[in-house]
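K.L.:
Build me a model:
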Amino acid sequence: MINVLISNNGLEQHVTVDQLDKATRQVSYCECIDEMIKFANAEKIIIATLHIKYDSTHKLLSLVKGIKHTKPCDFVPLEVSICLVAISGCKIIVIPTFNNQRLLSDLQELLNLPIMFVGHNLQFSWYSLWQIGVEPPSRCWDTYIAERSMSLGVFNSTDRENKKKFIAQQEEFLSLGHCCLRYRVPNIMLNSSHSVVPEELKSSTYRPHLAARKLAFVLAKLFVKQSRKAEGQGVLKHLQDIEMRWVMTNARMGWHGMLIDQNKGMHAKKVARRVRGNFIERLNPYGIENPRSQCQLKDYFRLGGLLDYFWSKGTYRFDREILKENIDLDGVVEVLLQLSRLDDIENLQLLNPLFISEEGRVHPMHIQLGAATGRQSCKYPFVLGLSREQRNLIVPSTDHAICEIDYSQIEPGVAGVVFDDKRLIKMYNTGDVYTAMADLFLDGVSVGESLFSTYLHNETRLKSRNLMKVCTLGLIYGLSAFGLSRKLRIDEASAASLMDKFNSMFPDLINNQEIIVAQGHERGYVETATGLRRYVSTKGSTGHDKNWMKNHPVQGSAAVVFKDAGNHLDKVLKEYNAHIILPLHDSFVVEAPIKQIDDVVDLVSEVMCSALKRHFPELAPQVSAGKSTVNWNKDGEEAALDQWTEGIEKLL
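P.N.:
Sure, this is the predicted structure:
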């Protein structure tokens, strides 16, 4: 018999699917919210189901390639249906209008009840509630996020051509109807949609209470079966404590958005358009008439014997990442890199008027578990990959400031705990893991030793520290000897020996990594410290499996710590009229009133350190912080964009 332990109002009870089935068949309908609240106080509520129908079409954006998008601030709620499920039966209310302040106050009181509200893809429902000034419930179970959590990696593909197909397959897989089919819940809501136009609700065939009853039946059963599956996988606590709370944190970041300096952005775009042709002319003498032509670029670098430096991930690449790695290789690379930056400014989604609200803010759609590692992604616009110059376009509101607080070197520390390497933990706890690595590494290296002479001869401690940072990438992210040789400009054999020397400092980590990889191949997945699994793709095993199997326990666990900290910040920052505007890998970008910015920096730092200590008590947490009243910037570079545009014009 499938059952799950549910805790509401401080009471715990085991609930079976049969009990829910019986409860959802004993239905009565309420005309006012007061009746619902009285029922909740009188009965032992198992769960509540929540479904919001909204209009996302009145300000629908038509993007490239037929993509349609609605900004978070443009969702309009049309109907809210809530079902309270108790052992004795359930009560349903459907709220069709929101023009009464008393009604909104009552709705808020109902949503404030300390019970679990179950829904599907709740991010959009939260946008709709905020639109009418109502705060979503503090406890929720999102069946969409639950299913996404338990299928990480299944639809992952390194093949760019098939990536869109895999994403479409994933969205179909995560739809409510298909979830019901997999869990053998009668799929009466297969075509249920949150997004409707007002005319649909006025149709003579539409029966709101009947639809609400059917949906409550589906969500209640699906919740129990998902919970039972999660419990069997050992990930139920992770879902309850981390992912379900992050649903709110994640949605609120998109709702608040960030203010854009449009004038500065448009000036940078004009400069980019004006000078682009001059940079292309610089390439013409080298036989490169079109800098986007792979053939022309390959021909040029092949003639110079440099083409192999651009081989990455099974193909030749000339994107900004590869160009930056090879900036000192040839003068043409610098010109190509400048052109890449010009193209980025010209095509920057952040400056697309379609994404900018009337208040001058952009509201990205943050995608929870958007990466197979368990980390975030975002789109419309994509803002996680902004360069140091482009970050200057994000500015604080009047009398506000922006601060960025970053976990320092968290992944080496987490790797030490996850793979049980006491030496690496001790190095992390010194406060600078890379310097500690360099000290140990150089103690065993003779300056005259031929193996390292090309890189370490007369090397300073600072450069040795940077070397340790590069080698750590190999340890955690699976950087190959070939990749290391390119970064260090040494031959592959020397790079392999260098990596062997580095790895020999961490025998426990290397041994435990191999054990994890072997288990991963056998089981078809690896997991984080909290049990969040990443599965081998449905596309089958690839040559990269070993790398991500080493990486997921580290990066996925670091993401857990990050989300836990973010969930706490989402609650406490309200007291300072501050909020997270962007989650950037291991750092939070926060906007707060200038008068309270110092207190906010201290608070965020304390919360982040506490979260890391809570999950990994062996570690001594460290964070770094920066703040500005001018714009978002890295390391005090408030004028980075201005200096770049001025420099580009001077070059010509």
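K.L.:
what residues are up against residue 479?
P.N.:
Each residue near residue 479 by Cβ atoms under 8 Å, 6 or more residues apart in numbering is listed here: 470, 473, 487. Heads up, the C-betas are built off the backbone N, CA and C, glycines and all.
K.L.:
buried subset of those?
P.N.:
Neighbour-count burial (16 or more other Cβ atoms under 10 Å) applied to the contacts of residue 479 gives 470, 487.
K.L.:
Go through the contacts of residue 479 and name the one nearest residue 560.
P.N.:
Closest approach between the contacts of residue 479 and residue 560, by Cβ to Cβ: residue 473, at 21.2 Å.
K.L.:
Assumed the closest one was part of a helix.
P.N.:
Yes. Counting by DSSP: H, G, I helix; E, B strand; the rest coil, one finds residue 473 located in a helix.
K.L.:
and residue 534, bridged to which residues?
P.N.:
residue 526 (DSSP bridges).
K.L.:
heads up, I number from 545, so please use that
P.N.:
All right, first residue 545 from here; so that's residue 1078.
K.L.:
On the pLDDT front, check it for me.
P.N.:
Note for residue 1078: predicted pLDDT of 96.
K.L.:
can you check the one 5 residues further on too?
P.N.:
The score at residue 1083 is 59. That number is its pLDDT.
K.L.:
Repeat that for residue 947.
P.N.:
Confidence at residue 947, expressed as pLDDT, is 97.
K.L.:
Would you mind measuring from it to residue 1144?
P.N.:
According to Cβ to Cβ, to the nearest Å, residue 947 and residue 1144 sit 7 Å apart.
K.L.:
and what of residue 985?
P.N.:
39 Å.
K.L.:
do the same with residue 1073
P.N.:
Counting by Cβ to Cβ - residue 1073 and residue 1144 are separated by 29 Å.
K.L.:
Same drill for these two, tell me which one is more crowded.
P.N.:
Neighbours of residue 1073 and residue 1144, each counted by other Cβ atoms under 10 Å, are more numerous for residue 1144; the result is 25 against 18.
K.L.:
Using PDB, write out every CA atom in the helix or strand hosting the more buried one.
P.N.:
According to DSSP states H and E, residue 1144 maps onto helix 1141-1159. Provided in PDB are the C-alpha atoms of helix 1141-1159 (Å, rounded to 0.1, in the frame of the first residue of the first chain):
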ATOM      1  CA  ILE A1141      23.600  48.100   2.700                       C
ATOM      2  CA  ASP A1142      26.300  47.400   5.300                       C
ATOM      3  CA  ASP A1143      23.900  45.500   7.500                       C
ATOM      4  CA  VAL A1144      22.600  43.600   4.500                       C
ATOM      5  CA  VAL A1145      26.100  42.600   3.500                       C
ATOM      6  CA  ASP A1146      26.800  41.300   7.000                       C
ATOM      7  CA  LEU A1147      23.500  39.500   7.100                       C
ATOM      8  CA  VAL A1148      23.900  37.800   3.800                       C
ATOM      9  CA  SER A1149      27.500  36.800   4.700                       C
ATOM     10  CA  GLU A1150      26.300  35.300   8.000                       C
ATOM     11  CA  VAL A1151      23.500  33.400   6.400                       C
ATOM     12  CA  MET A1152      25.700  32.000   3.600                       C
ATOM     13  CA  CYS A1153      28.400  30.900   6.100                       C
ATOM     14  CA  SER A1154      25.700  29.300   8.400                       C
ATOM     15  CA  ALA A1155      24.300  27.300   5.400                       C
ATOM     16  CA  LEU A1156      27.700  25.900   4.500                       C
ATOM     17  CA  LYS A1157      28.400  25.000   8.100                       C
ATOM     18  CA  ARG A1158      25.000  23.400   8.500                       C
ATOM     19  CA  HIS A1159      25.600  21.000   5.600                       C
END
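K.L.:
Now that helix: buried residues?
P.N.:
Those would be 1141, 1144, 1145, 1147, 1148, 1149, 1151, 1152, 1153, 1155, 1156, 1159, for helix 1141-1159 by 16+ other Cβ under 10 Å.
K.L.:
Same check on stretch 1167-1183?
P.N.:
Buried-residue list, stretch 1167-1183, by 16+ other Cβ under 10 Å: 1167, 1169, 1170, 1171, 1172, 1175, 1176, 1177, 1178, 1181, 1182.
K.L.:
could you dump those to JSON lines with pLDDT?
P.N.:
Below are those laid out as JSON lines (pLDDT from 0 to 100):
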{"residue": "1167", "pLDDT": "96"}
{"residue": "1169", "pLDDT": "95"}
{"residue": "1170", "pLDDT": "95"}
{"residue": "1171", "pLDDT": "96"}
{"residue": "1172", "pLDDT": "96"}
{"residue": "1175", "pLDDT": "96"}
{"residue": "1176", "pLDDT": "96"}
{"residue": "1177", "pLDDT": "92"}
{"residue": "1178", "pLDDT": "77"}
{"residue": "1181", "pLDDT": "91"}
{"residue": "1182", "pLDDT": "94"}
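K.L.:
Pick the one among these closest to residue 971.
P.N.:
residue 1167 (17.9 Å).
K.L.:
I'd like to know the phi and psi angles of that closest one, please.
P.N.:
The phi/psi pair for residue 1167 (degrees, to the nearest 10) reads phi -130, psi 160.
K.L.:
Same question for residue 803.
P.N.:
Per degrees, to the nearest 10, the backbone of residue 803 is at phi -80, psi 140.
K.L.:
doesn't residue 937 make contact with it?
P.N.:
No. In this structure, residue 803 is not within contact of residue 937 by Cβ atoms under 8 Å, at 9.6 Å.
K.L.:
can you pull the contacts of residue 815?
P.N.:
889, 1189, 1192, 1193 are the contacts of residue 815 under Cβ under 8 Å, 6+ apart.
K.L.:
From those, keep the buried residues only.
P.N.:
The buried subset of those (16+ other Cβ under 10 Å) comprises 889, 1189, 1192.
K.L.:
from the residues you listed, which ones fall inside helices?
P.N.:
Judged by DSSP state H, these include 889, 1189, 1192 as members of helices.
K.L.:
pLDDT and distance to residue 579 added to the residues you listed, as a markdown table?
P.N.:
Below are those laid out as a markdown table (pLDDT from 0 to 100; distance: Cβ to Cβ, whole Å):
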| residue | pLDDT | distance to residue 579 |
| --- | --- | --- |
| 889 | 92 | 58 |
| 1189 | 91 | 63 |
| 1192 | 84 | 67 |
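K.L.:
Just give me the closest of these to residue 1110.
P.N.:
residue 889 (30.0 Å).
K.L.:
which residue sits closest to that closest one, ignoring its sequence neighbours?
P.N.:
Distance criterion Cβ to Cβ, 6 or more residues apart in numbering; nearest residue to residue 889, sequence neighbours excluded, is residue 816 at 4.4 Å.
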